[in-house]
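In: model the structure of this input:
(one chain, ligands or ions: 1)
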Amino acid sequence: MARSKPAPANSLVKVFTPKRPQSAIAPLIREALSDLGEDPNREGLARTPERVEKALRFLTSGYETDVQKVVNGALFEVCYDEMVIVKDIEFFSLCEHHLLPFFGKMHVAYIPNGHVIGLSKIPRIVDVFARRLQIQERLTQQVAESIKAMIDPHGVGVICEARHFCMMMRGVEKQHSGAVTSAMLGAFRHRKETRDEFLSLVSRKTADI
Ligand SMILES: [Zn+2]
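Out: The predicted model follows:
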């Protein structure tokens, strides 16, 4: 084996160890497959438990993501005090009651009070909260609250339209039903005109703006 050069005296060597063992969930999935009457050893399923674990860890990675780090200082001072709106943010989440996906679009708006957030960061904030076990109402509220906490705007409005696999695939089988939730803080809660402006901007097609 080739010897690596000794590190310079002033260099820092950091050893990163994984926070958790990577195999805690896979054996449980293997057991679940057996309980479902499957043969977890057949070719197609042989590596499924590991894949499921990896997928679940990714889909819940929002627990370990720091919103401040995601935003990474992209907060800017401005004099602008008109509504900022980011529409049609796609998201995918897992319902905490069935561990089945729910997915849809979120519309986020706020009225700056001296600071704005880089526009591209808003969808990333949505991801931080969507990649957890959620209910739609809480997801909507958390996105609104985190923007409020970050830049203390005059108000925040969030509308979330989603379809739930637990409704679409199970007994209910209402394939076309969707749920809409909203969180209105500050001016969006107190001023009807602000709320109406937000709702009309959201309902307009992007090409019309
Ligand atoms: Zn559900």
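In: which stretches in the chain count as helices?
Out: 26-35, 48-59, 67-71, 121-130, 136-151, 165-168, 187-190, 192-203 (DSSP state H).
In: so which of the ones you listed comes closest to V86?
Out: helix 121-130 (4.5 Å; Cβ to Cβ). Backbone N, C-alpha and C define where each C-beta goes, glycine included.
In: for the record, mean pLDDT for that closest one?
Out: Taken as a whole, helix 121-130 carries a mean pLDDT of 97.
In: angle of it against helix 48-59?
Out: 130 degrees (axes from the mean of the first three to the mean of the last three Cα atoms, to 10 degrees).
In: which helices and strands sit right next to helix 121-130?
Out: helix 67-71, strand 84-95, strand 101-111, helix 136-151 (3 or more Cβ pairs under 8 Å, 6 or more residues apart in numbering; DSSP states H and E).
In: okay, buried residues for the last one please.
Out: Buried positions in helix 136-151, judged by neighbour count with 16 or more other Cβ atoms under 10 Å: 136, 138-148, 150-151.
In: and the angle for that helix with helix 121-130?
Out: 130 degrees.
In: can you list the residues that contact helix 136-151?
Out: Contact partners of helix 136-151, identified using Cβ atoms under 8 Å, 6 or more residues apart in numbering, comprise 67-68, 71, 75, 91, 93, 95, 102, 106, 108, 110, 112-117, 122, 125-126, 128-130, 153, 156-160, 162, 164, 179, 181-186.
In: which of these are close to the ion?
Out: If you filter those for contact with the ion, counting by Cβ under 5 Å from the ion, you are left with C95.
In: and the closest residue to C160 other than its chain neighbours, what's its pLDDT?
Out: Leaving aside its sequence neighbours, C160 sits nearest to T140 (Cβ to Cβ, 6 or more residues apart in numbering; 4.3 Å). Looking at T140, its pLDDT reads 98.
In: now V78
Out: So, for V78, pLDDT stands at 88.
In: that one against H115, yeah?
Out: Yes. Using Cβ atoms under 8 Å, V78 makes contact with H115 at a distance of 6.9 Å.
In: which of those two has more residues huddled nearby?
Out: Per other Cβ atoms under 10 Å, whichever of V78 and H115 has more neighbours is H115, with 15 against 11.
In: against C95, how distant is the nearest residue to the more buried one once chain neighbours are set aside?
Out: Leaving aside its sequence neighbours, H115 sits nearest to I151 (Cβ to Cβ, 6+ apart; 4.2 Å). Relative to C95, I151 is positioned 30 Å away (Cβ to Cβ, to the nearest Å).
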